[in-house]
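Asker: Okay, predicted coordinates and the sequence, questions at the end:
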Amino acid sequence: MSVDLSQFIPTFLEESYEGLALMESSLLNLEQGDDETINSIFRAAHSIKGGAGTFGFGHVTDFTHLVETLLDEMRDGRREIRSEEVEVLLESVDCMRLMIDAIQNETDYDNSSIDVTSEKLELLLSGSLSDDTGADTPVETSKNASSWQIIFIPEHHLVQTGNDPLLLFNALEDLGELKVNAIVDSLPSLTEMDVEELYLQWELQLFSDSVTEQDIREVFEWVEDECELEVTPVSFDEPETESTSLDETSETAEVKQPNDETPSPEVTAPNIEPEITPSPAGAPVTENKEVKVATKAKPEGGSIRVGVDKVDSLINLVGELVITQSMLSELGNDFDLSKVDKLTAGLEQLLQNTKELQESVMRIRMLPISFAFNRFPRLIHDLAKKTGKDIELIINGENTELDKTVMEQIGDPLVHLVRNAVDHGIETAEKRLAAGKPEKGTVWLDAYHQGGNIVIEIKDDGGGINRDAVFNKALEKGLIEPTTNLTDNQVFELILEPGFSTAKEVSDISGRGVGMDVVKKNIQALGGRIQVDSTPGEGSTFKVNLPLTLAILDGQLVRVGEEVFVVPLITIVESLQAKSENINRVSGDMILYRLRDENVPVIPIFQLFNLPADSQDVDDSLLVVVEADGQKVGLMVDDLLAQQQVVIKSLKDNYQDVSGVSGATILGDGSVAMILDIPGIIQMALDIANKKQKEKQLKMQNEGALI
Amino acid sequence: MDIQALAQEIPVEGEYSLEGIDFITSGEQYLTFLLETEQYAVDILCVEEIRSWERPTKIPNAPSYVKGVINMRGVIVPIVDLRLKFGIGEANYDETTVVIVLKYESAEQGRTIGFVVDAVSDVLNAEENEIKNAPAFGGIIPHHYVNGLVNVGEGVVTLLNVEALQQIEAHTIG
């Protein structure tokens, strides 16, 4: 084989995952007599099986074969579609995913679950097979001949569709001893021969006691539309003489052949291979190697499927950019002042082009949120079974687009929220009936754009959050004081605090006491927010607000001394001019600013970052009040500059992470500005304060010891 | 653009690839530069570009020899003052101050860092056997930065290890 199959494995894996996702979602929607759906499931299973066979993943092929057989019976209406079968099929999908994962990661997998599932499948199959054998293989199943004669006349274009007779013959050889004779009668003269066509025909003889016609036809399943195939049982002696004569003709022909057909590597009669002259073969081989290197690097970076329209618009924009560029450079060749107008127009056009290009490129990274939502029908299905609740999932806005990186990181928090809604939100059927609600609970998953953000809502029609229970629990855990006056929403948001879980019993699904705070943390790490709303008896809503992309951020530019910093706009509560009467110095050198009835600690940036500043005095300075993790602080800066969108660049690439700074960006004048990491700054200020305290204590102790 | 014409321009294996490379010399090539009066050299293949000095943006709480970061065609590049790092001479920035941007790619990661030096002087060809080990007598510069010494005329050039220069960055700070 001159084609290195391993280069196609990533494609096979990708397609298999898609197939599995399709099978899973279709199985969940499967209803009796729904031919369309069952057909698509069958097709998905069939291509996974075929692909696995091609690449030699025998275990996948064997397992998928069972699945396919079961599906085939369902497709033909020989088997009823009951939930029992669907469950086993869903389990099988999991097993197939396990095996394909193992292939991708080149690791081993846990055989036991696959064995269990295959047993279940076999059990189901054996139950029906007894009365269905007749229908299944109507032709000559019982008649096992000792030898088969196969006449295989492929159409000329067979190899162009990616099929290779050699592979078929190899598969046949697995069934028994094989004798292959090529018939070269239809070989045209050299001048007429098209190198990409296949002119050979074959007569094969297969010696085996146990092979059925069905087995043989299965080998040719992929090419049955593209060839003429005759399979006839024969006794031992008959064809022997005939074939010897054929042998001679074919051999002479084959020697001649390679010279004409080498450029197309697929065209290979079994023994052509060694005769390929090195020079023309050299080219495709090196090409293959290059491709292989490229695909090997792929898994780390991940790949993305982009709609052709997006790529087309990108190409158009680049075209326009090139035109603008040539216009500008022509202008620059002999520039004089009379052409200033043209220059301004050209620059404006350039600005327009760049903006559009930026938007287009960002759009490439955007994927519909259905990629993240797809796993939920299955999740709800499993959870409903586990909890014994009847639950319906309604998904809206699944085409809302979201940056790929955000998508990858939001999946797990969403899963947790949905589990939470099912486990804690939806009541048991009895309770629901007693409350006058339909027995079936509903969970809504909504996604929509709002401003520059995407909002994901997870809503249930369950019992809602018990305000008093949450409040009491928070008291018990010491999260709040008994006197604290909180609005309803503030109380509900307490459930997102670390160490909080109101579930009376720790269940398998959620309620391990870790989780909701992790959800909040993950969402905040993405620069998003989460809000909780709940009406007793009617249900709860979790609203997750996320930036569309992690690469661009709305920022407020501020100046400290000579340096410009970017404060993420989402963290800013307000900016104000400090009035001296509101500044209090307490407990040593802590500066507090009285903002209405709150005392906000002031963090002078110049001090924290060790920079020169215009003014070192808090009086009359500018304060940017920011909030992170519920803590407000006032950042003392020298000047407020413009608000603008900035592109986030990592400092880690060439340097390392810097505390207090989440990244850097490039401003309009080409200079670099640091982006402030507000939670990081608060942490830094706390650390410094703690360190000071410790030093002080140590000093006091030392002094005490002296006295 | 005519693809054929474009393909012609791209050097391929064989005779084309030899064009433009000076084959009169042999051995490795090094870029030499001055720190105060001492001569140093780095592997020329690591040199990304040589820039004039521009004021970098300060990195909060960075060591004194990390002057900050600059924007090099959209890439954020840290600037390290080698004089300060090695403790050789005073750091003053004028028109002749240059920044040598070095890129070193290891298996896991590639870093691009700019180093401030007093002046770039020459390209040096040195055979393997001309590189001598540095004697272990004092010197301020830690040994692992030094790959060896090369005699050039009457003077001596110190060959620096670019990998160590880049990597030490990650350990000393933070």
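Answerer: Yep, it's here.

Asker: Tally up the residues packed near the closest residue to chain A within chain B, please.
Answerer: Residue of chain B nearest chain A, by CB to the nearest CB: B:P60 (3.6 Å). C-beta coordinates here come from the backbone N, C-alpha and C atoms, glycine included. As a burial measure, B:P60 scores 20 neighbours (other CB atoms under 10 Å in any protein chain shown).

Asker: In contact with it, which residues?
Answerer: Neighbour list for B:P60: A:L608, A:F609, A:N610, A:L611, A:V658, A:S659, A:G660, A:V661, A:M674 [criterion: CB atoms under 8 Å, 6 or more residues apart in numbering or on different chains].

Asker: Now do the SS call for it.
Answerer: coil (DSSP: H, G, I helix; E, B strand; the rest coil).

Asker: Just want to check the distance between it and A:A52.
Answerer: 54 Å (CB to CB, to the nearest Å).

Asker: ok, now A:R375?
Answerer: A:R375 is 23 Å from A:A52, where distance means CB to CB.

Asker: More neighbours: which of the two?
Answerer: Higher neighbour count among A:R375 and A:A52: A:A52, with 24 against 16, using other CB under 10 Å.

Asker: isn't that one right next to A:V60, touching?
Answerer: Yes: between A:A52 and A:V60 there is a contact at 3.7 Å, judged by CB atoms under 8 Å.

Asker: Low-confidence ranges, the chain, go.
Answerer: In the absence of a named chain, this looks at chain A. For chain A, the stretches with pLDDT under 70 are A:1-3, A:31-33, A:127-145, A:235-302, A:451-452, A:499-515, A:588, A:705-707.

Asker: nope, chain B
Answerer: For chain B, residues meeting the criterion pLDDT under 70 lie at B:1-26, B:107-109, B:137-138, B:167-174.

Asker: Now do the strands in it.
Answerer: Using DSSP state E, the strands found in chain B span residues B:28-35, B:38-43, B:47-52, B:66-72, B:75-81, B:98-105, B:110-117, B:119-126, B:146-152, B:155-160.

Asker: Include distance to chain A and mean neighbour count when you put these into JSON lines, please.
Answerer: Below are these laid out as JSON lines (distance: least, CB to the nearest CB, whole Å; neighbours: other CB atoms under 10 Å in any protein chain shown):
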{"stretch": "strand B:28-35", "distance to chain A": "20", "mean neighbour count": "20"}
{"stretch": "strand B:38-43", "distance to chain A": "17", "mean neighbour count": "20"}
{"stretch": "strand B:47-52", "distance to chain A": "11", "mean neighbour count": "14"}
{"stretch": "strand B:66-72", "distance to chain A": "5", "mean neighbour count": "22"}
{"stretch": "strand B:75-81", "distance to chain A": "4", "mean neighbour count": "22"}
{"stretch": "strand B:98-105", "distance to chain A": "9", "mean neighbour count": "20"}
{"stretch": "strand B:110-117", "distance to chain A": "5", "mean neighbour count": "22"}
{"stretch": "strand B:119-126", "distance to chain A": "21", "mean neighbour count": "16"}
{"stretch": "strand B:146-152", "distance to chain A": "22", "mean neighbour count": "17"}
{"stretch": "strand B:155-160", "distance to chain A": "18", "mean neighbour count": "19"}
